[in-house]
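A.B. asks: need coordinates for the following:
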Amino acid sequence: MKDGVNGVALGVFVFFFLAVTVLGFFAARWRRAADPLHLDEWGLGGRSFGTWVTWFLLGGDLYTAYTFVAVPAAIFAGGAAGFFAVPYTIITYPLVFLFLPRLWSVSRRHGYVTSSDFIRGRFGSKSLSVAVAITGIIATMPYIALQLVGIQAVLDVMGVGGSDGTNWFLKDLPLLIAFGVLAAYTYSSGLRAPALIAFVKDALIYIVIVVAIIYIPYKLGGFDDIFSKAGDAYAVTNKQGVARGSLVTGPKAQWAYATLAMGSAMALFLYPHSITAVLSGKSRDTIRRNTTILPLYSLMLGLLALLGFMAIADGVGAGDPKYNNQLAIPQLFENVFPSWFAGVAFAAIGIGALVPAAIMSIAAANLFTRNIYKDLIKPDATPAQETAVSKAVSLVVKVGALVFVLTMDKTVAINFQLLGGIWILQTVPAIVGGLFTRWFHRWALLAGWAAGMFYGTWKAYEQSSPAQSHFGGNADMIPLIGEKGYIGLTAFVLNAGVAIVLTVVLRAFKAPAGVDETSPGDYTAESAAELPSPATPPDTTVTPGLPEPA
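C.D. replies: You can find the predicted model right below:
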């Protein structure tokens with residue numbers, strides 16, 4: 001890290017930060033809401049976003065500061081294992097093409113704002129709905145924290161915030177300011193703010209990646225030298241004789257790599273912020289089109305991951321066994337780029353944190369408002385009251401994430417985000433299963449969820465690393481197979497197994513299945529205008545394995 005503050009880079013960073021701040025507040029006037037006090041308007045942007053706005057919003061939502069900082073940092077630290085993020089983003093799009101349009105259709109016809117709204121309507125179970133809502137909230141919190149870690153990494157490299165000897169308030173003041181601005185325009189503009197800012201964020205990221213993939217190899221002597229130096233660095237062993245990493249995933253790591261990629265692919269679009277972005281689309285075709293063009297971001301991700309090798313070749317963190325890997329990519333940019341373009345790159349990372357942090361806080365607030373506050377505390381809440389509560393909770397969620405970042409080690413934040421992936425994967429049987437069949441019994445799904453959550457959390461707690469005694473990883477031995485694999489996927493298999501077995505038992509004993517307020521046509525509707533006539537009596541025929549009518 002260079003001594004002092006990089007004034008030029010800081011000036012460019014501040015310019016872009018101020019620009020997106022103006023956009024964030026202006027967003028309240030962009031596509032002005034007919035009823036700004038309705039949760040559909042604040043929390044879902046009026047469900048009015050077309051293909052390109054939704055594409056930028058989803059891209060800004062899924063490809064975050066964590067992507068920009070932590071993915072290449074994982075490769076910087078351990079090599080090829082960090083590339084799991086590339087195949088999982090490729091696998092996920094064919095999967096979500098099957099179920100996201102169905103989720104959009106049924107949600108649009110019934111006015112569902114969250115995935116838990118759908119669960120309550122589909123299975124007639126508030127308990128299962130609340131369980132899914134709580135899972136979404138706790139899985140999102142560390143994800144928001146990780147975005148603030150990305151901003152903090154950029155500020156550290158620019159020399160802003162004081163030294164380690166500075167009192168905590170002055171040291172973290174720049175992050176507090178960034179947080180305050182984010183909270184203000186999110187509170188004011190709702191989902192419209194990150195949707196508008198996402199255009200700037202994605203443009204900056206694409207510019208930085210294209211320049212980096214051409215300019216940095218030129219500066220470092222080409223890809224041959226980069227891979228050679230990276231290979232040599234990974235071959236170095238510690239005192240225990242363990243190598244730092246490898247350029248190619250070894251045979252012993254292949255199960256862990258494959259299961260982590262598969263489990264992450266299954267979970268990605270079930271995060272509350274992903275579903276919020278999807279439900280903001282104005283048509284079913286908007287969602288279908290996005291699942292076909294979003295893989296363009298995976299191309300960017302593959303190029304971005306190579307920055308981890310480049311950081312090694314540049315000598316970032318060389319000779320420092322305690323080097324903070326999260327600083328590797330910002331430090332590479334400062335070392336290699338001219339100061340003005342380093343500022344552009346830092347702005348891309350910083351804005352890449354603000355956009356998803358805003359969406360995540362809105363999504364978590366919507367879950368609390370609709371599925372805890374309204375369902376359990378105030379069933380007669382008006383739309384205006386729902387919106388007010390959601391705005392307030394979005395601030396509380398951000399404060400919680402900020403406290404998490406300021407009081408815990410950055411490695412802990414990353415590992416808790418990985419734990420969030422384990423948790424969110426346990427909502428697959430209820431959400432995805434519910435979109436295709438009513439066969440699962442609500443109590444069986446709740447029991448399966450509990451089993452998967454307990455197993456996944458317990459096994460993650462048992463994992464240790466040099467930095468921490470618990471929650472130090474997300475891989476453990478897979479029962480019966482004897483290979484090390486992703487804990488989340490093992491927990492999901494247990495979850496699904498319990499749900500299937502108990503469903504058979506409960507159906508055999510004719511346990512009450514709950515009332516399904518949806519009908520088969522809800523899952524293929526193109527718009528809310530296709531609602532059936534209220535005079536039409538519901539069809540009570542049940543076909544096993546198919547969506548059960550109301």
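
A.B. asks: quickly find the element holding Thr518.
C.D. replies: Taking DSSP states H and E as the definition, Thr518 sits outside all helices and strands.

A.B. asks: give me the phi and psi for it.
C.D. replies: When read as degrees, to the nearest 10, the backbone of Thr518 gives phi -100, psi 170.

A.B. asks: neighbours around it, how many?
C.D. replies: Number of residues near Thr518 (other CB atoms under 10 Å) recorded here: 23. No exception for glycine: its C-beta is placed from N, CA and C like everyone else's.

A.B. asks: kindly report the same for Asn415.
C.D. replies: Neighbour count for Asn415, taken as other CB under 10 Å: 22.

A.B. asks: if I look at it, how far off is Ile144?
C.D. replies: Distance of Asn415 to Ile144, computed by CB to CB, to the nearest Å: 15 Å.

A.B. asks: then Leu480?
C.D. replies: 37 Å.

A.B. asks: so between those two, which is more surrounded?
C.D. replies: Each of Leu480 and Ile144 has its neighbours counted (other CB under 10 Å); Ile144 has more, 29 against 5.

A.B. asks: flag the shaky bits of the stretch 1-150 of the chain, pLDDT-wise.
C.D. replies: 1-3, 33-34 (pLDDT under 70).

A.B. asks: do that again at 90, thanks
C.D. replies: Along the stretch 1-150 of the chain, segments meeting pLDDT under 90 span 1-7, 24-41, 45-48, 51-52, 55-74, 77-90, 93-95, 141-150.

A.B. asks: can you pull out the strands in it?
C.D. replies: Read by DSSP state E, counting those that start in this stretch, the stretch 1-150 of the chain holds no strands at all.

A.B. asks: tell me where it has helices.
C.D. replies: Remark: helices assigned in the stretch 1-150 of the chain by DSSP state H, counting those that start in this stretch are 7-26, 39-44, 51-62, 65-78, 85-110, 115-123, 126-157.

A.B. asks: so which residues make contact with the shortest one?
C.D. replies: Going back to what we said before, that points to helix 39-44. 33-36, 46-47, 111, 113, 190-191, 276, 279-280, 362, 365-366, 369-370, 383, 386-387, 390-391 (CB atoms under 8 Å, 6 or more residues apart in numbering).

A.B. asks: of all the residues in stretch 22-42, which ones are buried?
C.D. replies: Neighbour-count burial for stretch 22-42, with 16 or more other CB atoms under 10 Å as criterion, is recorded at 23-24, 26-28, 33, 38-42.

A.B. asks: likewise stretch 511-520?
C.D. replies: So stretch 511-520, judged by 16+ other CB under 10 Å, has buried residues 513-514, 516-519.

A.B. asks: can you map out the strands along the protein?
C.D. replies: 475-477, 484-486 (DSSP state E).

A.B. asks: filter the contacts of helix 39-44 down to the buried ones.
C.D. replies: Among those, those that count as buried by neighbour count (16+ other CB under 10 Å) are 33, 46-47, 113, 190-191, 276, 279-280, 362, 365-366, 369-370, 386-387, 390-391.

A.B. asks: so which of the helices of the stretch 1-150 of the chain comes closest to Leu304?
C.D. replies: helix 65-78 (6.1 Å; CB to CB).

A.B. asks: now the closest one: buried residues?
C.D. replies: For helix 65-78, the neighbour count (16+ other CB under 10 Å) marks 65-78 as buried.

A.B. asks: let me know the angle separating that helix from helix 126-157.
C.D. replies: On the basis of axes from the mean of the first three to the mean of the last three CA atoms, to 10 degrees, helix 65-78 is oriented at 70 degrees to helix 126-157.

A.B. asks: what does helix 65-78 rub up against?
C.D. replies: 81-83, 85, 143, 146-147, 149-151, 153, 205, 234, 244-245, 301, 304-309, 311-312, 316-317, 325-326, 328-330, 348-350, 352-353, 356, 414, 417.

A.B. asks: now stretch 116-132
C.D. replies: Identification of contacts with stretch 116-132 by CB under 8 Å, 6+ apart yields 103, 106-107, 110-112, 115, 133, 136, 367, 370-372, 375-376, 427, 430-431, 434, 438, 440, 442-443, 445-446, 449-450, 513-518.

A.B. asks: just the buried members of these?
C.D. replies: 103, 106-107, 110, 112, 115, 133, 136, 367, 370-372, 375, 427, 430-431, 434, 438, 440, 442-443, 445-446, 449, 513-514, 516-518.

A.B. asks: was I right about Thr186 contacting Ser394?
C.D. replies: Yes - counting by CB atoms under 8 Å, Ser394 is a contact partner of Thr186 at 6.0 Å.

A.B. asks: overlap of the contact sets of those two?
C.D. replies: With CB under 8 Å, 6+ apart as the test, Thr186 and Ser394 both reach 361-362.

A.B. asks: export stretch 295-308 to PDB, keeping only CA atoms.
C.D. replies: Taking C-alpha atoms only, stretch 295-308 is exported to PDB below (Å, rounded to 0.1, in the frame of the first residue of the first chain):
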ATOM      1  CA  PRO A 295     -25.200 -15.300 -18.600                       C
ATOM      2  CA  LEU A 296     -23.300 -12.400 -20.200                       C
ATOM      3  CA  TYR A 297     -22.300 -11.600 -16.600                       C
ATOM      4  CA  SER A 298     -20.700 -15.000 -16.300                       C
ATOM      5  CA  LEU A 299     -18.300 -14.100 -19.000                       C
ATOM      6  CA  MET A 300     -17.300 -11.000 -17.000                       C
ATOM      7  CA  LEU A 301     -17.000 -13.100 -13.900                       C
ATOM      8  CA  GLY A 302     -14.500 -15.500 -15.600                       C
ATOM      9  CA  LEU A 303     -12.300 -12.600 -16.600                       C
ATOM     10  CA  LEU A 304     -12.700 -11.000 -13.200                       C
ATOM     11  CA  ALA A 305     -11.500 -14.200 -11.500                       C
ATOM     12  CA  LEU A 306      -8.200 -14.000 -13.400                       C
ATOM     13  CA  LEU A 307      -7.300 -10.900 -11.400                       C
ATOM     14  CA  GLY A 308      -6.400 -13.200  -8.500                       C
END
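
A.B. asks: and the average pLDDT for that stretch is what?
C.D. replies: On average, the pLDDT along stretch 295-308 is 86.

A.B. asks: before we move on, what about stretch 221-228?
C.D. replies: On average, stretch 221-228 scores 93.

A.B. asks: neighbours of Thr114, how many?
C.D. replies: Look at Thr114: counted by other CB under 10 Å, it has 28 neighbours.

A.B. asks: in this structure it contacts Ile372, no?
C.D. replies: No - contact criterion CB under 8 Å: Thr114 and Ile372 do not qualify, at 10.5 Å.

A.B. asks: which residues do these two both contact?
C.D. replies: Taking CB under 8 Å, 6+ apart as the criterion, Thr114 and Ile372 both touch Ala133.

A.B. asks: can you list the low-confidence ranges for the stretch 401-550 of the chain?
C.D. replies: In the stretch 401-550 of the chain, residues with pLDDT under 90: 401-420, 463-475, 480-482, 514, 525-550.

A.B. asks: helices of that one, residue ranges please.
C.D. replies: With helices called from DSSP H, counting those that start in this stretch, the stretch 401-550 of the chain shows them at 410-425, 428-436, 442-462, 487-508.
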